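Novice: With the sequence up front, the predicted model follows.
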Amino acid sequence: MERTLSSELKQHENQLVQVRGSLNNVRAFGKLSFLILRDREGLIQVVISDKEEAKKLKDMQPGTILEVTGTVCKTSEAELGVEIINPQIQVEVPIKEVPPIEFYKPELQADLEFILDHRPIALRQRKIQAVFKIQAELAHAYRVFMHDEVKAVEYFAPNMIGASSEGGAEFFNVDYFGYTATLAQSSQLYKQIMVGVNERVYALMPFFRAENSQTTRHLTEGKQFEFEMGFFKTWHDVLDIQENCIKFMVRHLHATSAKEIALLDNQIIDAPSDVPFPRLTFKQAQELYFKRTGIDERQEPDLSPAAERELCAYAKEKFGTDLIFITDWKTSKRPFYAYPNDENPELSNTFDLLCAGTEITSGGERRHTYESMIEGIKAKGMDPANFEDYLSIFKHGMPPHGGFGMGLERLTMTFLKLKNIREASLFPSDPKRIAGNRLKAKIFFGSENIRNEIVRLLKQDEMDFQHMTHQDTPTSEDSALIRGTSLEEGVKAIILRGKSSKKNYQFNIPSHLKLDMKAVADAVGEKCEFEAPEVIKERFGLVIGSIPPFGQLLNLETFYDEKVSASKRSAFNCGLLNESIVMNSKDLLAVVNPKIGCFTKE
């Protein structure tokens, strides 16, 4: 029997079908069990009344691969409007290990960092899956528009190059057989080369930017939609193609991805086909922002994020679209290849496209003569000798040309009104991650290793401290007595676990005070509970009472109560119950560099 997909079941009402997929979840109601089976098109409800069939799913966890044969029956209770009854179930791949993240639930009750830590499994969650199905359609729509409507030719540029593609210092160096290469920040230079070949060209290319940026809209690696055209009547022709491209992509999503958009609560930008995107010069934009808010940024060289949001709000209020062009930017703020305005060279024939409060595109006219390009390169403090291949095209003739680039991940984030660009990257790279994997901090395990590293750090920084060996001190009172310190000087290190994210945190407080769990929840954004002693022993090699206030050595987000600094000295166990360190409180705070707040109560 041929496999039937969930999207095809309505066509087989009252017929015997075979479906295959993975177990999403099972719910028992009296004598009936409801199996939710997942395939690439959606979820299938299977009603199990036979006890022997139900037993086959005992102890099976989400992800178990199943084959089910049964009869399709109409119902108003299932998402599809049909369900499968009288099933015969075959377990193809049994899974008995509990998944690390509850991907089978409609909503993930976890923070983004925890989701990213378990990205390969989290991608199975329906809303996350919907984001990347939509992203795939965005890429397809872009290619269709460029190929069919603009008649452009796709090109494939190199990712390793001999010099920075746009100048500046934000690029990654790569050892290339003893020579230094860089990873391309964009394919800008290559798409200009290809304009001399095919006039109109486009690509979807990787980019790499070595920016140590922790914002919600920057990645160190992503994909970039590229476009370049020659022989325009005016450089605003580039804006026209950009606008039509965006409108085409939005129409395409509504036509192909209605189910996914609905899953995401219909959060998608407005870009009506019959509404032109408003166009303001940079100077006009600054004046409008000042007029609407009273905030004066008219002397600033760039738009602030607040200004970008306000300008998009203006476009939505007045025109009913989420998008607005800002043109005529200062030449000093644009790349070396940006064409200076003929009437005022301090301005450039360039634009940004803002969407729902975020810049999604930069583009404009390029310099197209050899002399002008040399001038642009030198003006940015770069050496023309590093651009010989690129410059050769201008020696042999280039038409007036221009184009734009827009990031796939940022476009996805903005179109779907997501909060963080990492939600729109399958395996995001940023200063803390590479290809989704968290960069491993230098983590220490076990009491003696941790003790040794603390002592090493204190000696390295030439700090005054006393390292004491004594009998076991399981309580704060025991510790204070044997060290000859007060309870107020003792620092109690507590490891907590987030109830939603399951993430561990370390909070350090004076030993005579109690932890304020409400203040903790406010600090980390979720309710917490004390981590189990056996978990602490297994995960960190430490026993309760021996934990030092050096959470960074355990790769834990570390918090200190502000009252720790009230005492001149701090005393704590350094990984073992029978060893302590006494040192200046200000030195302790300096070496740990924790987040500080009020986390205690009497």
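Specialist: Ah, there it is. All values derive from a computational prediction rather than experimental measurement.
Novice: contacts, neighbours, all on C-alpha from now
Specialist: OK.
Novice: Val201: what secondary structure?
Specialist: At Val201 the chain is in strand, as set by DSSP: H, G, I helix; E, B strand; the rest coil.
Novice: quick one, helices of the stretch 451-600 of the chain?
Specialist: For the stretch 451-600 of the chain, the helices defined by DSSP state H, counting those that start in this stretch cover 476-483, 517-524, 533-540, 585-592.
Novice: between the ones you listed, which one is nearest to Gln61?
Specialist: helix 533-540 (23.2 Å; CA to CA).
Novice: what sits up against the closest one?
Specialist: Outside helix 533-540, the residues that touch it by CA atoms under 8 Å, 6 or more residues apart in numbering are 444-446, 495, 542-544, 554.
Novice: What strand or helix carries Phe232?
Specialist: Per DSSP states H and E, Phe232 falls between elements, in no helix or strand.
Novice: How about Leu354?
Specialist: Going by DSSP H and E, Leu354 is part of strand 350-355.
Novice: how far off strand 350-355 does the helix or strand following that strand point, in degrees?
Specialist: Counting by DSSP H and E, the next helix or strand C-terminal to strand 350-355 is strand 358-365. Angle of strand 358-365 versus strand 350-355, following axes from the mean of the first three to the mean of the last three CA atoms, to 10 degrees, is 160 degrees.
Novice: And the contacts of strand 358-365?
Specialist: By CA under 8 Å, 6+ apart, the list of residues contacting strand 358-365 reads 235, 238-239, 305, 308-309, 338-339, 349-354, 400-407, 410-411, 414.
Novice: Give me the subset of those lying in helices.
Specialist: When DSSP state H is applied, the contacts of strand 358-365 are split such that 238-239, 305, 308-309, 410-411, 414 fall in helices.
Novice: and the longest strand anywhere in the chain, which residues are buried?
Specialist: The single longest strand within the chain, with elements called by DSSP state E, is strand 16-29. For strand 16-29, a neighbour-count test (16 or more other CA atoms under 10 Å) marks 16-26 as buried.
Novice: Determine how far it lies from the middle of the whole chain.
Specialist: 32 Å (CA atoms, centre = their mean, to the nearest Å).
Novice: swap in stretch 23-37?
Specialist: 34 Å.
Novice: From Glu53, how far out is Phe34?
Specialist: 12 Å (CA to CA, to the nearest Å).
Novice: Which of the two has more residues huddled nearby?
Specialist: Taking neighbours as other CA atoms under 10 Å, Phe34 and Glu53 compare with Phe34 leading, 20 against 16.
Novice: Can you name every helix or strand that the host helix or strand of that one contacts?
Specialist: Element membership for Phe34, per DSSP H and E: strand 32-39. Packing contacts for strand 32-39, counted by 3 or more CA pairs under 8 Å, 6 or more residues apart in numbering; DSSP states H and E, involve strand 16-29, strand 42-48.
Novice: try it again with 10 Å
Specialist: With contacts defined as 3 or more CA pairs under 10 Å, 6 or more residues apart in numbering; DSSP states H and E, strand 32-39 has these neighbours: strand 16-29, strand 42-48, helix 51-55, strand 65-74, strand 82-93.
Novice: of all these, which lies closest to Lys291?
Specialist: Nearest to Lys291, of the helices and strands packed on strand 32-39 and by CA to CA, is strand 42-48 at 49.5 Å.
Novice: Ala307 is in contact with Gln286, correct?
Specialist: Yes - here Gln286 reaches Ala307: they are 7.9 Å apart, a contact under CA atoms under 10 Å.
Novice: Need the overlap of contacts for these two.
Specialist: Listed as contacting both Gln286 and Ala307 by CA atoms under 10 Å, 6 or more residues apart in numbering are 295, 297.
Novice: between the strand holding Leu354 and helix 408-415, how big is the angle?
Specialist: With the same axes, to 10 degrees defining the directions, strand 350-355 sits at 50 degrees from helix 408-415.
Novice: partners of strand 350-355, with directions?
Specialist: Take DSSP bridges as the rule and strand 350-355 pairs in its sheet with strand 323-327 (antiparallel), strand 358-365 (antiparallel).
Novice: show me what contacts the residue nearest the centre of the chain?
Specialist: For the chain, Arg422 is the residue whose C-alpha lies nearest the centre (CA atoms, centre = their mean; 1.0 Å). Contacts of Arg422 were listed using CA under 10 Å, 6+ apart, and they are 112-113, 116, 216-219, 409-410, 413, 428-430, 436.
Novice: Let me have these in JSON lines, adding distance to Lys105 as columns.
Specialist: Output for the contacts of Arg422, formatted as JSON lines (distance: CA to CA, whole Å):
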{"residue": "Leu112", "distance to Lys105": "16"}
{"residue": "Glu113", "distance to Lys105": "18"}
{"residue": "Leu116", "distance to Lys105": "17"}
{"residue": "Thr216", "distance to Lys105": "25"}
{"residue": "Arg217", "distance to Lys105": "27"}
{"residue": "His218", "distance to Lys105": "29"}
{"residue": "Leu219", "distance to Lys105": "28"}
{"residue": "Glu409", "distance to Lys105": "25"}
{"residue": "Arg410", "distance to Lys105": "26"}
{"residue": "Met413", "distance to Lys105": "22"}
{"residue": "Pro428", "distance to Lys105": "23"}
{"residue": "Ser429", "distance to Lys105": "26"}
{"residue": "Asp430", "distance to Lys105": "28"}
{"residue": "Gly436", "distance to Lys105": "22"}
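Novice: Mind picking the two most distant members of these?
Specialist: Largest separation among these by CA to CA: Glu113 and Arg410, giving 18.5 Å.
Novice: sorry, back to before: now render the buried residues of strand 16-29 as a markdown table, adding pLDDT and distance to Ser392.
Specialist: Below are these laid out as a markdown table (pLDDT from 0 to 100; distance: CA to CA, whole Å):
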| residue | pLDDT | distance to Ser392 |
| --- | --- | --- |
| Leu16 | 97 | 68 |
| Val17 | 98 | 64 |
| Gln18 | 98 | 62 |
| Val19 | 98 | 60 |
| Arg20 | 98 | 58 |
| Gly21 | 98 | 56 |
| Ser22 | 97 | 56 |
| Leu23 | 97 | 59 |
| Asn24 | 96 | 58 |
| Asn25 | 95 | 62 |
| Val26 | 95 | 65 |
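Novice: out of those, who's nearest Phe103?
Specialist: Closest to Phe103, out of all of those and judged by CA to CA, is Asn24, at 8.5 Å.
Novice: residues contacting the closest one?
Specialist: 35-39, 43-44, 61-65, 103-105, 124-125.
Novice: How about Arg410?
Specialist: Arg410 neighbours (CA under 10 Å, 6+ apart): 216-219, 222-224, 358-361, 416, 418, 420-425.
Novice: try 7 Å this time
Specialist: Shown in contact with Arg410 (CA atoms under 7 Å, 6 or more residues apart in numbering): 217, 360, 421.
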